[in-house]
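S.K.: Sequence and predicted structure below; questions after.
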Amino acid sequence: MVQTGWTVAEDQELPDGALDKCAGAVVFIDREEVAPGIAHYLWTVQVGPAPEDRIGLHRVVKEGRPNQPIRTRKAVFMQHGDAKDFVGMFLPGTLSASTPDDFGAAVYWARADVDVWGIDQAWNLVPAETMEFGFMEHWGIDKQYRDLGAAVAIARMTRLFSGNGYDKMILSGYSSGSGTGYALINAETQLPPGLRQVGGWISVDYAPFSDDPDWTEIQNCSYVQYYRDMIDAGEFGYFVGFDFMGVLARDDPDGESPVFPGFTNLQAALYLGAGPIFGVGDIHYLAGVWEDGLPVDLVHLTVEQWLDFMIAGAPWEPVKFMLDYCVWGCMEEDVPWDDHFGEIEIPVLNVGGAGGITPVSQYCLGLLGSDDVTDLTIQLLPDDQALYDFGHIDLWVADVAPALVWEPILQWIEDHSHTDHRNRNPHSH
């Protein structure tokens with residue numbers, strides 16, 4: 001708050017010694033206006049003793065004037081998935097010359113007076129040129145959910161001191177970030193209610209395990225030994241390849257793909273986007289336009305926008321994290337991250353695309369103790385055309401995502417936020 005010039009609320013006072021405790025741990029990086037009256041703030045936060053133990057912390061918020069965020073009881077904290085950071089998922093327009101700068105769920109919700117916070121997990125801050133990954137050896141789910149919890153706590157405390165109240169945060173996790181979020185809310189059930197940070201949960205197109213045997217085997221069990229062999233060989237950083245394939249498709253579209261033999265680089269990028277690459281049913285990233293058995297275009301965004309999205313991907317991810325979530329999803333070994341699902345009683349919204357992972361992610365919902373569970377599946381085509389329907393990444397980048405996805409989520413956030421009735425017109429309905 002001192003670094004950004006935000007005003008401390010009249011009824012609040014920063015604790016004695018707070019600045020000394022935070023010195024060097026929280027570093028303000030930047031403020032930019034991503035839309036008229038909407039600011040994006042970025043910090044890094046040191047979460048461990050090693051230099052690489054840093055996360056990114058984001059806030060996207062409406063401002064009455066520069067550096068003066070509005071006060072609002074509506075808030076959400078966003079956890080990204082694999083291969084991407086907060087900006088790449090929730091402010092994609094800022095990274096794409098072919099997309100309006102203000103396109104993104106974070107801006108959409110901020111315009112509706114939602115205080116949007118989010119994290120970059122530590123691996124997003126690892127430079128592309130890194131060659132030695134020993135520091136990643138133990139960067140698994142335990143680290144990731146604890147770092148997420150720390151980031152949520154910082155956001156919640158900052159909201160308190162800036163006059164937004166101390167309500168628990170609504171947390172959203174997307175893709176593998178949903179697994180991270182589930183691990184956090186599972187752990188929080190063992191804390192006294194007053195020490196819990198999360199008061200609502202939005203899981204987006206993923207669940208840590210499924211009752212679908214094909215998904216369990218193909219997407220989880222079959223990878224466990226592969227990742228264990230990498231770790232045994234001292235390989236702790238996994239090259240994701242989104243950015244690599246995107247650059248090839250942009251700069252050498254007709255060249256032969258080194259990833260998908262027999263495809264050109266552009267065909268490979270399109271197949272990565274619209275093809276059933278998960279090997280389970282018709283699950284895919286994006287709805288595609290198909291000709292002669294191959295995707296040749298995309299339904300809800302341009303090819304240029306997809307390449308921009310790919311190029312903005314994170315180059316590295318921890319092998320330990322990927323191993324952990326495959327072990328969890330395989331369900332053959334006992335893990336601690338779901339021991340208390342039946343004690344999770346916070347409101348839940350499950351969101352997904354009919355062509356995404358949602359069809360195999362419903363099982364977890366029935367294990368939760370919550371009596372407030374809402375399911376939102378975006379389905380635009382008949383059941384037998386799932387391969388062409390709304391996909392896993394369409395949820396954040398499709399031209400129709402604001403109306404089909406972000407607006408219903410906004411309504412749920414508003415319905416599950418504690419509003420200050422003193423600011424309401426008593427005659428409104």
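M.R.: Arrived safely, thanks for sending. None of these values were measured; they are calculated from a predicted model.

S.K.: Find the centremost residue of this structure, please.
M.R.: In the chain, the residue lying closest to the centroid (CA atoms, centre = their mean) is His80, at 1.8 Å.

S.K.: surely that one meets Gln121?
M.R.: Yes. Using CB atoms under 8 Å, His80 is in contact with Gln121, at 7.3 Å. From N, CA and C alone the C-beta is placed, and that goes for glycine too.

S.K.: which residues in the protein form helices?
M.R.: Assignment of helices within the chain using DSSP state H yields the ranges 18-22, 86-90, 105-111, 141-161, 176-188, 213-216, 222-232, 242-251, 265-274, 303-311, 319-330, 394-397, 401, 407-415.

S.K.: can I get the ones you listed in TSV with distance to Arg196, mean neighbour count and mean pLDDT?
M.R.: Below are the helices of the chain laid out as TSV (distance: least, CB to CB, whole Å; neighbours: other CB atoms under 10 Å; pLDDT from 0 to 100):
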stretch	distance to Arg196	mean neighbour count	mean pLDDT
helix 18-22	22	12	72
helix 86-90	23	26	98
helix 105-111	23	25	98
helix 141-161	10	21	97
helix 176-188	4	26	98
helix 213-216	30	17	97
helix 222-232	32	14	98
helix 242-251	34	19	97
helix 265-274	38	23	98
helix 303-311	34	22	98
helix 319-330	22	22	98
helix 394-397	27	27	98
helix 401	31	23	98
helix 407-415	18	17	98
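
S.K.: I'd like to know which of those is closest to Ile202.
M.R.: Proximity of these to Ile202 was assessed by CB to CB; the nearest stretch is helix 407-415, lying at 6.5 Å.

S.K.: Counting by contacts, list what the closest one packs against.
M.R.: If you count contacts as 3 or more CB pairs under 8 Å, 6 or more residues apart in numbering; DSSP states H and E, helix 407-415 packs onto helix 105-111, strand 198-204, strand 348-353, strand 373-378.

S.K.: Out of these, flag the one nearest Ile170.
M.R.: Of all those, strand 198-204 sits nearest to Ile170, with 3.9 Å by CB to CB.

S.K.: Helix 141-161 and that closest one, what's the angle between them?
M.R.: Interaxial angle of strand 198-204 relative to helix 141-161 (axes from the mean of the first three to the mean of the last three CA atoms, to 10 degrees): 130 degrees.

S.K.: in its sheet, what does strand 198-204 sit against?
M.R.: Strand pairing for strand 198-204, determined by DSSP bridges: strand 169-174 (parallel), strand 348-353 (parallel).

S.K.: Point out where the chain drops to low pLDDT.
M.R.: Residue ranges of the chain with pLDDT under 70: 23, 419-429.

S.K.: so which of the strands paired with strand 198-204 gets nearest Glu317?
M.R.: Nearest to Glu317 among these is strand 169-174 (14.8 Å), distances taken as CB to CB.

S.K.: what does the closest one rub up against?
M.R.: 75-81, 89, 117, 152, 155-156, 179-182, 184-185, 197-206, 395-396, 409, 413, 416-417 (CB atoms under 8 Å, 6 or more residues apart in numbering).

S.K.: how does the chain divide into domains?
M.R.: 18-212+334-420, 241-311 (automatic domain parsing).

S.K.: Pipe those domains into CSV and attach distance to Gln3 per row.
M.R.: Listed next are the domains of the chain as CSV, based on distance: least, CB to CB, whole Å:
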stretch, distance to Gln3
domain 18-212+334-420, 4
domain 241-311, 31
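
S.K.: and Gly234, which of those is closest to it?
M.R.: Comparing these under CB to CB, the one sitting nearest is domain 18-212+334-420, at 7.9 Å.

S.K.: still on that earlier bit, could the helices of the chain be laid out in TSV, adding distance to Ala9?
M.R.: Conversion of the helices of the chain to TSV gives the following (distance: least, CB to CB, whole Å):
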stretch	distance to Ala9
helix 18-22	15
helix 86-90	26
helix 105-111	20
helix 141-161	6
helix 176-188	26
helix 213-216	47
helix 222-232	47
helix 242-251	42
helix 265-274	46
helix 303-311	39
helix 319-330	38
helix 394-397	33
helix 401	35
helix 407-415	22
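
S.K.: what would the helices and strands packed on helix 407-415 look like in TSV with distance to Leu294?
M.R.: Converted to TSV, the helices and strands packed on helix 407-415 look like this (distance: least, CB to CB, whole Å):
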stretch	distance to Leu294
helix 105-111	30
strand 198-204	28
strand 348-353	21
strand 373-378	24
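
S.K.: out of those, nearest to Gln267?
M.R.: strand 348-353 (23.1 Å).

S.K.: quick one, strands of the stretch 1-150 of the chain?
M.R.: For the stretch 1-150 of the chain, strands defined by DSSP state E, counting those that start in this stretch occupy the ranges 26-35, 38-46, 54-65, 68-69, 75-79, 115-120.

S.K.: From Val152, how far off is Val76?
M.R.: Val76 is 11 Å from Val152, where distance means CB to CB, to the nearest Å.

S.K.: swap in Gly369?
M.R.: Separation of Gly369 from Val152 (CB to CB) stands at 21 Å.

S.K.: ditto for Gly352
M.R.: The spacing between Gly352 and Val152, counted by CB to CB, is 23 Å.

S.K.: now swap in Asp252 and tell me
M.R.: 42 Å.

S.K.: Next: Asn67.
M.R.: Counting by CB to CB, the gap from Asn67 to Val152 is 23 Å.

S.K.: likewise Trp406?
M.R.: 21 Å.

S.K.: How about Pro49?
M.R.: 22 Å.

S.K.: Report how many residues lie close to Gly342.
M.R.: Using other CB atoms under 10 Å, Gly342 is surrounded by 12 other residues.

S.K.: do the one 10 residues further on as well
M.R.: Gly352 has 29 neighbours, counted by other CB under 10 Å.

S.K.: how about TSV for the strands paired with strand 198-204, with distance to Asp292 added?
M.R.: Formatted as TSV, the strands paired with strand 198-204 follow (distance: least, CB to CB, whole Å):
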stretch	distance to Asp292
strand 169-174	33
strand 348-353	25
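
S.K.: who wins for proximity to Pro192 among these?
M.R.: strand 169-174 (17.1 Å).

S.K.: chain center to the closest one: distance?
M.R.: Averaging C-alpha positions (CA atoms, centre = their mean, to the nearest Å) puts strand 169-174 8 Å from its chain's average.

S.K.: okay, the angle between that strand and strand 75-79?
M.R.: Orientation check (the same axes, to 10 degrees): strand 169-174 against strand 75-79 gives 30 degrees.
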